[in-house]
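S.K.: Fold the following.
(chains A and B)
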Amino acid sequence: MTSNNKFLSLLIPVISVILGLIAGAIIMLFSGYNPIDGYLALWRGAFGDAFTIGETIRRITPLILTGLAVAFAFRTGLFNIGAEGQVIVGWLAAVWVGLAVDAPMIIHLPLAVLAGGIAGGIWGFVPGLLKAKIGVHEVIVTIMMNYIALFITNEIIRSVLTDHATKTDRIPETASLSSEWLQTLTFYSRLHYGILIALFAAAVMWFLIQRTTIGYELKAVGFNQHASKYAGMNVSKNIILSMVIAGGFAGLAGAMEGLGTYGNISVMSGFTNLGFDGIAVALLGANNAFGVVLAAILFGVLKEGAGEMPTGAGVPTELVDIIIALIIFFVASSYIIRWVILRFKKEGK
Amino acid sequence: MDYVIEMLNIRKEFPGIVANDNITVQLKKGEIHALLGENGAGKSTLMNVLFGLYQPEKGEIRVNGEKVEISNPNIANDLGIGMVHQHFMLVEPFTVTQNIILGNEPKTKTGKINIKKAEKEIQELSDRYGLSVDPSAKISDISVGMQQRVEILKTLYRGAEVLIFDEPTAVLTPQEITELIEIMRSLIKEGKSIILITHKLKEIMEVCDRCTVIRKGKGIGTVEVEETNVDELASLMVGREVSFKTDKKEATPTENVLKVKDLYVRDSRKVDLVKGLDLDIRAGEIVGIAGIDGNGQTELIEAITGLRKSHSGSIQLNNKDITNLSPRKVTESGVGHIPQDRHKYGLVLDYPIGENIVLQTYYQKPYSKATVLNYKEIYDKAEELIEEYDVRTPSAQTLARALSGGNQQKAIIGREVDRSPDLLIAAQPTRGLDVGAIEFIHKKLIEERDKGKAVLLVSFELDEIMDVSDRIAVMFDGKIVAYVKPEETNEQELGLLMAGSQLNKAGGSQ
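M.R.: Down below sits the predicted model:
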């Protein structure tokens, strides 16, 4: 019974993705584009050469982390809609430490990465505290925290880090995640060491959730607060801890952008969408660390490959967004897919 | 013979299980017909088939001799079948009348609800069946017993000829049960017919005419109540001989374990619910708290176990003060707690049963070391307790949610008893369980007592209190109003004490 369920929870995202691709193909057909050309262009855009592969991995990196940020909170019964804001403050903090501190790389880089994680953690702490102590729903608070993050960060870039400029200076080499070796290997893409941090974070989440008493408590509180209290767990502490860890993952995603991809931070006119994509990644990855990595790969590939579709096949980028939206739609309605599968099984008997 | 309802050879399957297998129930006009079976035997499924919530795979239903298809509850209503649910379906802030007409409102010509007319009709119905319900009272202001009568009125107002009572006495006090039985008799006198779902044998003997027994989804047969007895019914239901009288030796209490002094506990509205309560329990005895629900029992237990702060007074365990310690500290000082609501407090339903076994000990060796869980140790322990406490589960990895109530409860008891606490608190430990599981749980409580532990039993079942306790403490309005010995009292006397009457005869005071 349980192995059967596990198989189903793997099968359903796969079916959802296939349905999404089929629906995308139909839409391309109806809009007068050749879907085969379109998908070939997508493939080239993501895996065409060393450069695109490097860029694809670069794009996957923060998605893994924001996916973890949402998935981790969800496993403990909380909805972290605030990954977006946590990314932004993480980005800011990492770049800030990168610019302000002068130290050898062995200290400077870990410090800057950590700063990103801690900033994200603080951004998660606030909704966690409000939820634990006075019962304010974390969805509302995290959404509001996103806006606070965006506007405060923009203001700090303009008034504190620069003199009314739209972007900061580049961080020094000692705080940079980028690597000449990786860049040469991928024909000067922006690939950086962040992917290792992201994969390590996924392993951390798995270990924390599955193997430790911390995860045992966090999940118990998520499932049933009353029983957790009865068992002697500190419910408030666990709610706050969960949001802090989740925020930390998202903060790291921001650090990846600040220390790896861009090397600075610019005034943003709107959200990065990394945090919001994290919600979809977590959903598609069934809130499981390994699943999140796979889902982030899929998202990264689709998003990176999309760049080639307008030039390679004349298909507008918006269509790729539609396909991604369709995949999420099918995942979200996984209940229907599950129902259909069970229905077929029953009739097969 | 005239049958109002016939359910013939009903079969209902769910994926993987047959819930009802070839069950036949025939209800005569004007009789009270019991449907007896253990938890999970398929009683509710069968009644849901009759009420149109499930469609049977096989078999037919006849109403007054005519074959009918009941594809939804509205059809059941139209056929005059009404259900008095175990969990009342009432809107608390509404009045009795508003609740009864809900979904079936009489209108005036202008389209307004004709409350006046409805109230009059309901008053008439109430008088006719001797229900003494005030149609304009608010649900939140009336007692549980009265709320149940509103449920009865609801079915009558909709023209029910056949009433299904789903475990109606589970929530009632002894006096209310007597009154309910009177009401059922007057319903019969007015020509109604009743199906009574229950697993309480005494009630069947008292009010029912015939009884259909279901065991593990199969219809075992229908017996005339006059020609049978409690023992026969029990063995029909369980499929083996059951002993009712719990075997136990005389208690040999020794030193004091729990000492509660002048305890005050407030609820969330800052109302005192425990008001200056004193209670002593010694090692080697079972003290049963008898009382009507809502007289502070829940708050007392929550205060002892640390789930609720007490306002003043003190709680001592083995002469150490445990007042207002955290639940974990209380557990560690030697208190085991079988909670009243096993789904809300006792288990994390979405955890495997194995992980529920270590719910209070997961952070200790050998179950974890430096925060890393040792699943092998956890599951070894779980397998051991599953074996010892006869928890029927496909495996220790099965989610607690998937187990039947009795097996969930056995797992909780195994967990609490295995820690070998000096004080074991059992709140309603057998609620909703069948006789087999009840027998097992009572045996375990007495075993703990014989090992020299103190046991505090809270139950609304007087039978259980009388049977298991060595001393009965009667709780009323937040205080222990009397201590009695089970062998020196009876249900009537306890019932009166629980309702707040003073004991006239001497020797009953504290």
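S.K.: Kindly provide the distance from residue A:296 to residue A:340.
M.R.: Distance, residue A:296 to residue A:340, using C-beta to C-beta, to the nearest Å: 27 Å. In short, each C-beta sits where N, CA and C put it, glycine included.
S.K.: Between the two, which is the more surrounded one?
M.R.: For residue A:296 and residue A:340, the more surrounded residue by other C-beta atoms under 10 Å in any protein chain shown is residue A:296, and the numbers stand at 29 against 11.
S.K.: any idea how far the more buried one lies from residue A:284?
M.R.: As it turns out, when the distance is counted by C-beta to C-beta, residue A:296 lies 9 Å from residue A:284.
S.K.: Then residue B:481?
M.R.: For residue B:481, the distance to residue A:284 (C-beta to C-beta) stands at 61 Å.
S.K.: For these two, work out which one has more neighbours and name it.
M.R.: Under the criterion of other C-beta under 10 Å, the comparison of residue B:481 against residue A:284 puts residue A:284 first, with 28 against 21.
S.K.: which residues touch that one?
M.R.: Contacts of residue A:284 were listed using C-beta atoms under 8 Å, 6 or more residues apart in numbering or on different chains, and they are A:13, A:16, A:17, A:291, A:295, A:298, A:299, A:327, A:328, A:331.
S.K.: What's the local residue count around the closest residue to chain B within the stretch 201-349 of chain A?
M.R.: Among the residues of the stretch 201-349 of chain A, residue A:232 lies closest to chain B, at 2.9 Å counting by C-beta to the nearest C-beta. For residue A:232, the count of nearby residues is 21 (other C-beta under 10 Å).
S.K.: That one touches residue B:335, doesn't it?
M.R.: No: in this structure, residue A:232 is not within contact of residue B:335 by C-beta atoms under 8 Å, at 10.9 Å.
S.K.: what's the nearest residue to residue 324 if we skip its chain neighbours?
M.R.: By default, I'm working from chain A. Taking C-beta to C-beta, 6 or more residues apart in numbering or on different chains, and ignoring the residues beside it in sequence, residue A:324 has residue A:302 as its nearest neighbour in space, at 5.6 Å.
S.K.: not what I meant, chain B
M.R.: The shortest distance from residue B:324 to any residue other than its chain neighbours is 5.4 Å, reached at residue B:309 (C-beta to C-beta, 6+ apart).
S.K.: count of neighbours near the one you found?
M.R.: Other residues within reach of residue B:309, judged by other C-beta under 10 Å, total 11.
S.K.: Wait, it touches residue B:302, no?
M.R.: No: between residue B:309 and residue B:302 no contact is recorded; they are 9.1 Å apart, counting by C-beta under 8 Å.
S.K.: what residues do the two have in common as contacts?
M.R.: Taking C-beta under 8 Å, 6+ apart as the contact rule, the neighbours common to residue B:309 and residue B:302 are residue B:265.
S.K.: Now do the SS call for residue B:260.
M.R.: Judged by DSSP: H, G, I helix; E, B strand; the rest coil, the three-state class of residue B:260 is strand.
S.K.: And the one 5 residues further on, by the same measure?
M.R.: Going by three-state DSSP, the secondary structure assigned to residue B:265 is strand.
S.K.: what's around it, how many residues?
M.R.: Using other C-beta under 10 Å as the criterion, the residues surrounding residue B:265 number 24.
S.K.: Name all residues that make contact with the residue nearest to it when sequence neighbours are not counted.
M.R.: The shortest distance from residue B:265 to any residue other than its chain neighbours is 3.9 Å, reached at residue B:274 (C-beta to C-beta, 6+ apart). In this structure, residue B:274 makes contact with B:263, B:264, B:265, B:296, B:299, B:300, B:303, B:310, B:478, B:479, judged by C-beta under 8 Å, 6+ apart.
S.K.: What about these, which one has the most neighbours?
M.R.: Of all the contacts of residue B:274, residue B:300 has the most neighbours under the rule other C-beta under 10 Å, reaching 29 neighbours.
S.K.: helix or strand for it, which one?
M.R.: helix B:297-305 (DSSP states H and E).
S.K.: Name the residues that touch whichever helix or strand comes after that helix?
M.R.: Proceeding C-terminally, helix B:297-305 gives way to strand B:310-317 as the next helix or strand, assigned by DSSP H and E. Around strand B:310-317, the neighbours that count as contacts under C-beta under 8 Å, 6+ apart are B:257-266, B:272, B:274, B:276-277, B:303-304, B:321-324, B:330, B:333-335, B:422-423.
S.K.: Residue in the stretch 351-500 of chain B with the shortest distance to chain A?
M.R.: Each residue of the stretch 351-500 of chain B has a distance to chain A, by C-beta to the nearest C-beta, and the smallest belongs to residue B:359, at 4.3 Å.
S.K.: ok, now which ones touch that residue?
M.R.: Residue B:359 sits in contact with A:220, A:227, A:230, A:231, B:347, B:348, B:415, where contact means C-beta under 8 Å, 6+ apart.
S.K.: repeat that for 7 Å
M.R.: The neighbours of residue B:359, taking C-beta atoms under 7 Å, 6 or more residues apart in numbering or on different chains as the test, are A:231, B:348, B:415.
S.K.: returning to that earlier point: ok, the spatially closest residue to the residue of the stretch 201-349 of chain A closest to chain B that is not a sequence neighbour - how many residues close by?
M.R.: Spatially, and ignoring its direct neighbours in sequence, residue A:232 is nearest to residue B:328 (2.9 Å; C-beta to C-beta, 6+ apart). By other C-beta under 10 Å, 16 other residues sit near residue B:328.
S.K.: Find me the pLDDT at residue B:227, would you?
M.R.: For residue B:227, the model assigns a pLDDT of 92.
S.K.: can you tell me which helix or strand the spatially most central residue of chain A belongs to?
M.R.: A centroid search over chain A (C-alpha atoms, centre = their mean) returns residue A:66, at 2.4 Å, as the residue closest to the centre. Taking DSSP H and E as the definition, residue A:66 sits inside helix A:50-75.
S.K.: The residue in the stretch 51-200 of chain B that chain A sits nearest to: what's it in contact with?
M.R.: Evaluated by C-beta to the nearest C-beta, the stretch 51-200 of chain B has residue B:57 as its residue closest to chain A, separated by 12.7 Å. Residues touching residue B:57, when contacts are defined by C-beta under 7 Å, 6+ apart, comprise B:11, B:12, B:13.
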